[in-house]
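1. Have a look at this fold, sequence not included:
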């Protein structure tokens, strides 16, 4: 993975989210913000990100980068490869910031702006090096949501645009290349439309903030989360598809019920109504509590999409593949093989606040899958009609582990000959042993569903690992059943 140094200019909600994502993806981060509370706020955001982001990945994230705070912009951008500007939405302020940045940053650095309100040509106006500045507009929380709208102008060279895409992809984001300048880019135009309609519903006494939120989160919001707008409506058209949907519902667009072209006047009464209803809806929670609830919910939804390899989940799977690299046996086979290294996701915990017992089996099952992959029983091999089936499992729960903890599974091959693969897994957090899992697998023909010998290259690789592991001590607990004390 590509790593480097990122400078964050402006450490508010968005700047703090950028800092957290870059740090957790292995980049060194330098922050400048004149707010005396900026360091405290960003450290709190980073704590939330550490709690949630690693659990989206089924492999170990790279070692964290460093996080430093600087008193001047010049010190923050010195040597930076990427500079993310997230200062308040005032064009004169942004121009002043760019002037200082370009006096001190490298000419090859990319300056991305988090702006949702300005077009890149407006940002580039009067800049010393306009080709260096692009819009990279993210969504909150930046450390969890992958979308970033990348908006260049014809002053940005293609190689800079591609490098920006590569960097954003490398930290697990999805750069949506907006090829024409437009006010509010793409996504915020949808948000603005829904926001306007919602304000009218409140002003006209039709619905409360709670009722509007329920209409979104219990209905179309769930559909949009995994299929977006047009794919959702394609299904709504039935077997006849999108054309039928448009023919059936298109005439509704001319009905005079929408107020999207109007904005209600934000009178004191309307502001009081919105604020009061919002306080009644969520005022019993602190902002940090709401952030943690939001993050837990997002992780659960995103991991569900990941299991289906769909929507944002497909992006997460691709990021795992980039981080993990090409699977290969270690050079040193005289030690147990690390088959799992990952954070415990937020949705793996139970009512006791620690990892659910079913997730121990999942972790050990992932370790078994990894071992199969390493000996050559990969997707291509399985497609030829051979695979291993687990026929017996025994798990010992030795200690508890909580969400966010980085677990490691080390696997020892006790037997690898003929049709059998006998594995013993140990799960650790650091040096603390958490659990063991013993698995017996049998190689089968997927055509007959009966046991058969594996292909020579699989059998040979497995036998080589098993032979090397015979020098290891037999692990404690191997061969045991449930112990019942009298």
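-> Nice, thanks for sending it over. Remember, it's a predicted structure, so these values are computed and weren't measured experimentally.
2. From now on I want contacts and neighbour counts done on CA atoms only, so please keep to that.
-> Will do.
3. tell me which helix or strand of the chain sits lowest on mean pLDDT?
-> Within the chain, no helix or strand scores below helix 241-249, which has a mean of 75 by mean pLDDT, DSSP states H and E.
4. Just name whatever secondary elements that helix is in contact with.
-> With contacts defined as 3 or more Cα pairs under 8 Å, 6 or more residues apart in numbering; DSSP states H and E, helix 241-249 has these neighbours: helix 230-236.
5. quick one: average pLDDT of the helix it packs on?
-> Averaging pLDDT along helix 230-236 yields 81.
6. What residues of it count as buried?
-> For helix 230-236, burial by neighbour count (16 or more other Cα atoms under 10 Å) applies to 233-234.
7. other SSEs contacting it?
-> The contact analysis (3+ Cα pairs under 8 Å, 6+ apart) places helix 230-236 against helix 241-249.
8. what do you get if the cut-off is 10 Å, keeping everything else the same?
-> Helix 230-236 is packed against helix 221-227, helix 241-249, with contacts defined by 3 or more Cα pairs under 10 Å, 6 or more residues apart in numbering; DSSP states H and E.
9. most neighbours per residue, which of those?
-> Highest mean neighbour count among these (mean count of other Cα atoms under 10 Å): helix 221-227, with a mean of 15.
10. Residues touching that helix, excluding its own?
-> 213-217, 228-233, 235, 301-302, 304-305, 310-313 (Cα atoms under 10 Å, 6 or more residues apart in numbering).
11. Just the mean pLDDT for it, thanks.
-> 85.
12. With stretch 87-101 instead?
-> Across stretch 87-101, pLDDT averages out at 96.
13. tell me which residues in it are buried?
-> By 16+ other Cα under 10 Å, the buried positions in stretch 87-101 come out as 87, 94-95, 98, 101.
14. Which of those residues fall within strands?
-> With DSSP state E as the criterion, strands contain none of the buried residues of stretch 87-101.
15. wait, which of those is closest to residue 396?
-> Lowest distance from residue 396 to these (Cα to Cα) belongs to residue 87, with 52.3 Å.
16. Does anything pack onto the longest strand seen in the chain? Which helices or strands?
-> Assignment by DSSP E gives strand 432-445 as the longest strand of the chain. Contacts defined by 3+ Cα pairs under 10 Å, 6+ apart place strand 432-445 against helix 357-374, strand 386-397, strand 406-417, strand 420-429.
17. could you redo the last one with a cut-off of 7 Å?
-> With contacts taken as 3 or more Cα pairs under 7 Å, 6 or more residues apart in numbering; DSSP states H and E, strand 432-445 sits against strand 386-397, strand 420-429.
18. in the helix or strand that comes right after that strand, what counts as buried?
-> Heading C-terminal from strand 432-445, the first helix or strand you meet, by DSSP states H and E, is helix 456-469. Under the neighbour-count criterion of 16+ other Cα under 10 Å, helix 456-469 has 458-463, 465-469 buried.
19. ok, now stretch 179-191?
-> For stretch 179-191, a neighbour-count test (16+ other Cα under 10 Å) marks 184-185, 188 as buried.
20. cool, stretch 328-336 as well?
-> Using 16+ other Cα under 10 Å as the test for burial, stretch 328-336 gives 334, 336.
21. Now do it: distance to the chain's middle.
-> From the chain centre to the centre of stretch 328-336 is a distance of 30 Å (Cα atoms, centre = their mean, to the nearest Å).
22. any idea of the mean pLDDT in it?
-> Mean pLDDT, stretch 328-336: 94.
23. That stretch spans what distance, first to last residue?
-> This stretch, stretch 328-336, spans 14 Å end to end (Cα to Cα, to the nearest Å).
24. next one: stretch 76-86
-> Note: stretch 76-86 ends 14 Å apart using Cα to Cα.
25. Show me the shaky parts of this structure.
-> The model of the chain has pLDDT under 70 over residues 1, 249-250, 252-261, 263, 483-486.
26. Right, I'll leave it there.
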